[in-house]
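# have a look; sequence and predicted model below, questions after that.
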Amino acid sequence: MRRMKGFVAGIIFTVFAIAVCVFAVSHLGLYPIGADNPPSGLERSLAMRALDVYADKHKPEMENPVEATAANLTGGARLYEQHCALCHGGARSRISPLRDRFNPPVPQLIAQVPEDEDAWVFWVTKHGARMTGMPSWDGILSDEQIWTVVAFIKHSDKLPPEVDAAWKRMATP
């Protein structure tokens, strides 16, 4: 019985100590919130895991309805250059100069085509990712436009020559 009381007291003390630490960090300005302060490995791991699980759970259960035709890929390239290339890299610069100005760093979608399912990329594009700088494009781009951008991203490493040439012309200053 005595051991049980000690065990319960230990649990209560531990919970209280954690609560005091969380309060102190959040109310005394001890948590570095600047985008130029890299997150800890634990923070990055937890945030990325949460994003992956949530997007997997909420993504549409369908294949990309936009076919990877030259016209659709060219349209996707145009939308991508207008809305995405500044942060995610594009035809002018496959690695964006803004990549490391965000925290976590912005995925460079042209330099490394995402392996995620099209539906996952669609969901993240449509809804954004809180506290990363990734906005929600819902209401700005239609679902069809988002799917078109996803088709372009997923095929950007193997574009037909005419689409690749059109894309590079779009990025010319």
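Thanks, I have it. All figures in this text were calculated on a predicted structure; none of them were measured in a lab. Residues are numbered from 1 along each chain as shown.
# and the closest residue to residue 101 other than its chain neighbours, how far from residue 132?
By the measure of CB to CB, 6 or more residues apart in numbering, the closest residue to residue 101 outside its immediate chain neighbours is residue 35, 6.6 Å from it. Heads up, the C-betas are built off the backbone N, CA and C, glycines and all. To residue 132, residue 35 is 10 Å away according to CB to CB, to the nearest Å.
# about what we covered before: for the residue nearest to residue 101, which residues are in contact?
Residues near residue 35 by CB atoms under 8 Å, 6 or more residues apart in numbering: 101-103, 133.
# let me have these in JSON lines, extended by neighbour count and pLDDT.
Output for the contacts of residue 35, formatted as JSON lines (neighbours: other CB atoms under 10 Å; pLDDT from 0 to 100):
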{"residue": "101", "neighbour count": "13", "pLDDT": "89"}
{"residue": "102", "neighbour count": "16", "pLDDT": "87"}
{"residue": "103", "neighbour count": "19", "pLDDT": "82"}
{"residue": "133", "neighbour count": "15", "pLDDT": "89"}
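# sort out for me which of those residues are in strands.
Using DSSP state E, the subset of these located in strands is empty.
# what is the burial count for residue 166?
With neighbours defined by other CB atoms under 10 Å, the count for residue 166 comes to 18.
# would you mind pulling the contact partners of the helix or strand hosting it?
Per DSSP states H and E: residue 166 is located in helix 161-170. If you take CB under 8 Å, 6+ apart as the criterion, helix 161-170 is touched by 70, 73-74, 77-78, 81, 91, 159.
# between those, which is closest to residue 27?
residue 81 (43.8 Å; CB to CB).
# could you report the pLDDT at that closest one?
pLDDT for residue 81: 97.
# for residue 173, same thing?
For residue 173, the pLDDT comes out at 69.
# for residue 72, give me its contacts.
Counting by CB under 8 Å, 6+ apart, residue 72 makes contact with 66, 148, 151-152.
# ok, residue 134 next?
106, 124, 128.
# just checking, the last one touches residue 139?
No. Counting by CB atoms under 8 Å, residue 128 stays clear of residue 139, with 11.3 Å between them.
# those two - which one has more neighbours?
Under the criterion of other CB under 10 Å, the comparison of residue 128 against residue 139 puts residue 128 first, with 14 against 7.
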